[in-house]
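Peer 1: 3D, please:
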Amino acid sequence: MIRVFAVLMAFWSMPGLGLEVLDMQQRSAVIDAVLEQRLSDVLPALMRREKIDMWVVMSREYNEDPVLKTLLPSTWLSARRHTMLVIYDPGSDKPVERHAVARYAVGDLFAKAWDKEQQPDQWQALAQLIADRNPNKIAINVSEHFALADGMSSTENRRFIAALSPQMRARVVPGQQLALGWLEARSELEMEHYPQLTALGHKLIATAFSNAVVTPGVTTTDDVVWWLRDKTTALGLTNWFHPTVSIQRADAEKFDQITAFSKRPEANIIQPGDLIHVDFGLTYLRLNTDQQQHAYVLKPGETEPPASLQKALVAGNRLQDILTAQFKVGRSGNEILALSRAKAIAEGLKPAIYTHPLGYHGHAAGPTIGMWDAQDGVPVTGDYRMNDNTVYSIELNAATFIPQWDKEIRIMLEEDAYFDGRKVNYLSGRQRAFHLISSN
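Peer 2: This next block holds a predicted model:
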């Protein structure tokens, strides 16, 4: 197994925030080491699990299959010309072959397998390579229900099938399960880095929800949003979605799902006594975070949030525990949702669960465990069954009535966690107490 401990010691930091990230060259070394481990250790096991002995993944430049982008080395920012990758498992414990039927070798990971001067037709070169290996099943990325496994364009599909002999054509199968398995499975080396990424997210949220950024009566929610965007960029990272910051407070406004999830006001001024919420995600080393936490703005003379708000946070943490206790290999997202909701309701909670896989994408490959507007289950994607060595965004909310405000609020939590097949571990902890902002 390749280790990159020397790389891990070389960081640059952002003064005042205590945040450290690798520079671009060091990130490249990590990404390539992770990819080599995944291709050598993770992919062969997945192919054998799905009984697929050949996988063909292809893309034209700037129209990349989501899977192909995860197979390219760090210095390939897109496909080149028409990149065709062929992965073949000869069985009998022989090494898996990796070929690039393309004008170029794909780094050191996929050997060049096309000589244009000898065979001008790239499609025929691909068909010949396939025929020479005589696979039993040829998987391609087509899927009706899972977008991440549906990356082969209609043109490529048509031309690919036309290039094959009738015998090979009959062996082409949808590669949905293999593609999803590749995207959702996390490797050992990735899991050495993922906690660092989630810790970065937590540090940025903690600073954003402090008096270093917020001055009650002056700072708006939009000010905090753009501070998060600016600091993300300053670290050399990206956001996979635009952050949101919202407020619940002692007023007549009732919680509305549509407003909370898609139409948050942009420029509310943060005031003493407000309960603030953030939804924030980072991308780093090709991995993603998705985190939601709360802050309370202390009124003059207060040293802690009202007891009713603290009780509401406890209810949110309890809902997290109920949900993660239902994680089990082979159990579908819909089964996990139903079991969790039944137990939470029996305990007197008012739950909404909308948890999703996390990894190469923010809303990643794997089982959907509810949506905020689908609490009775999600067809097809919710029927996908849970696997081990996978990461999830534990996203949910618990409703609690706050007597002092004479209304119900939602504690909306989202924390990133790893499921090893037996238990769920949060990658860098979870929120158990509100961030506090002083008004003094």
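Peer 1: list the contacts for Leu367?
Peer 2: Rather than Leu, residue 367 is Pro. Contacts for Pro367 (Cβ atoms under 8 Å, 6 or more residues apart in numbering) come out as 332-333, 336, 357, 381-386. (Glycine included, C-beta is placed from N, CA and C.)
Peer 1: what's the answer for Ile369, then?
Peer 2: Ile369 neighbours (Cβ under 8 Å, 6+ apart): 323, 333-334, 336-337, 340, 353-356, 382, 392.
Peer 1: low-confidence ranges in the stretch 201-350 of the chain?
Peer 2: Where the stretch 201-350 of the chain drops to pLDDT under 70, the residues are 255, 257-267.
Peer 1: The helix ranked longest in the chain: how far from the chain's middle?
Peer 2: In the chain, taking DSSP state H as the definition, the longest helix is helix 188-208. In terms of Cα atoms, centre = their mean, to the nearest Å, the centre of helix 188-208 is found 13 Å from the chain centre.
Peer 1: where's the one residue sitting closest to the centre of the chain relative to Arg38, distance?
Peer 2: Per Cα atoms, centre = their mean, the C-alpha nearest to the average position across the chain is that of Leu358, at 2.6 Å. From Leu358 over to Arg38 the distance is 16 Å, taken as Cβ to Cβ, to the nearest Å.
Peer 1: Likewise for Asn136?
Peer 2: Relative to Arg38, Asn136 is positioned 24 Å away (Cβ to Cβ).
Peer 1: For my notes, confirm Ala399 occurs in a helix.
Peer 2: No: checked against DSSP: H, G, I helix; E, B strand; the rest coil, Ala399 lies outside a helix; its state is strand.
Peer 1: Can you get me a residue count around Lys203?
Peer 2: Other residues near Lys203 number 17, with proximity taken as other Cβ atoms under 10 Å.
Peer 1: any idea what sits nearest it, other than its immediate chain neighbours?
Peer 2: Leu19 (5.6 Å; Cβ to Cβ, 6 or more residues apart in numbering).
Peer 1: quick one: contacts for the one you found?
Peer 2: 13, 200, 203-204, 235.
Peer 1: cool, Tyr296 as well?
Peer 2: Contacts of Tyr296 (Cβ under 8 Å, 6+ apart): 274-276, 305, 309, 434-437.
Peer 1: What are the buried residues along the helix or strand harbouring it?
Peer 2: Taking DSSP states H and E as the definition, Tyr296 sits inside strand 291-297. For strand 291-297, a neighbour-count test (16 or more other Cβ atoms under 10 Å) marks 291-297 as buried.
Peer 1: if we can go back for a sec, beta partners for the residue nearest to Lys203?
Peer 2: For Leu19, the beta-bridge partners are Met14 (DSSP bridges).
Peer 1: Tally up the residues packed near the nearest residue to Tyr104 once chain neighbours are set aside, please.
Peer 2: Excluding the flanking residues, the one nearest Tyr104 by Cβ to Cβ, 6+ apart is Arg80, at 6.0 Å. Number of residues near Arg80 (other Cβ under 10 Å) recorded here: 16.
Peer 1: Am I right that Arg80 is in contact with Arg103?
Peer 2: Yes: counting by Cβ atoms under 8 Å, Arg80 touches Arg103, with 7.0 Å between them.
Peer 1: Tell me which residues touch Ala365, please.
Peer 2: Neighbouring residues of Ala365 by Cβ under 8 Å, 6+ apart: 146, 148-149, 179-181, 183-184, 357, 359.
Peer 1: What strand or helix carries it?
Peer 2: Going by DSSP H and E, Ala365 is not part of any helix or strand.
Peer 1: quick one, helices of the chain?
Peer 2: Along the chain, counting by DSSP H, helices occupy 5-8, 24-37, 43-49, 66-71, 122-133, 154-163, 166-169, 176-184, 188-208, 221-234, 257-262, 307-324, 333-346.
Peer 1: now the last one against helix 307-324, angle please.
Peer 2: Spelled out, it's helix 333-346. The directions of helix 333-346 and helix 307-324 differ by 140 degrees, with axes from the mean of the first three to the mean of the last three Cα atoms, to 10 degrees as the criterion.
Peer 1: what do you get for the fifth one?
Peer 2: In terms of direction (the same axes, to 10 degrees), helix 122-133 departs from helix 307-324 by 60 degrees.
Peer 1: separation between the residue nearest to Tyr104 and Ala433?
Peer 2: In this view, Arg80 and Ala433 are 50 Å apart by Cβ to Cβ.
Peer 1: Compute the distance between the residue of the chain positioned farthest from its centre and Gln124, please.
Peer 2: Taking Cα atoms, centre = their mean, the residue of the chain most remote from its mean C-alpha position is Gln118, at 42.8 Å. As judged by Cβ to Cβ, Gln118 and Gln124 stand 11 Å apart.
Peer 1: next one: Ile411
Peer 2: 60 Å.
Peer 1: With Glu117 instead?
Peer 2: For Glu117 relative to Gln124 (Cβ to Cβ), the value is 14 Å.
Peer 1: Who has more neighbours out of the two?
Peer 2: A count of neighbours by other Cβ under 10 Å puts Gln124 above the other of Glu117 and Gln124, at 12 against 5.
Peer 1: Which pLDDT value belongs to the more buried one?
Peer 2: On pLDDT, Gln124 comes in at 96.
Peer 1: Which residue is the nearest non-sequential neighbour of it?
Peer 2: What sits nearest to Gln124 in space, not counting adjacent residues and going by Cβ to Cβ, 6+ apart, is Ala163, at 6.5 Å.
Peer 1: Now for the one you found: which residues touch it?
Peer 2: Applying Cβ under 8 Å, 6+ apart, the residues contacting Ala163 are 123-124, 126-127.
Peer 1: Buried only: go through these for me.
Peer 2: Buried by 16+ other Cβ under 10 Å: 123, 126-127, out of those.
Peer 1: and which of those residues is nearest to Tyr426?
Peer 2: Of all these, Tyr426 sits closest to Leu126, with 44.5 Å by Cβ to Cβ.
Peer 1: shouldn't that closest one be in contact with His82?
Peer 2: No: counting by Cβ under 8 Å, Leu126 sits too far from His82 to count as a contact (9.9 Å).
Peer 1: who touches both of the two?
Peer 2: By Cβ under 8 Å, 6+ apart, no residue touches both Leu126 and His82.
Peer 1: how many neighbours does the closest residue to Pro195 other than its chain neighbours have?
Peer 2: With Cβ to Cβ, 6+ apart as the criterion, Pro195 has its nearest non-adjacent residue at 4.6 Å, and that residue is Leu427. By other Cβ under 10 Å, 21 other residues sit near Leu427.
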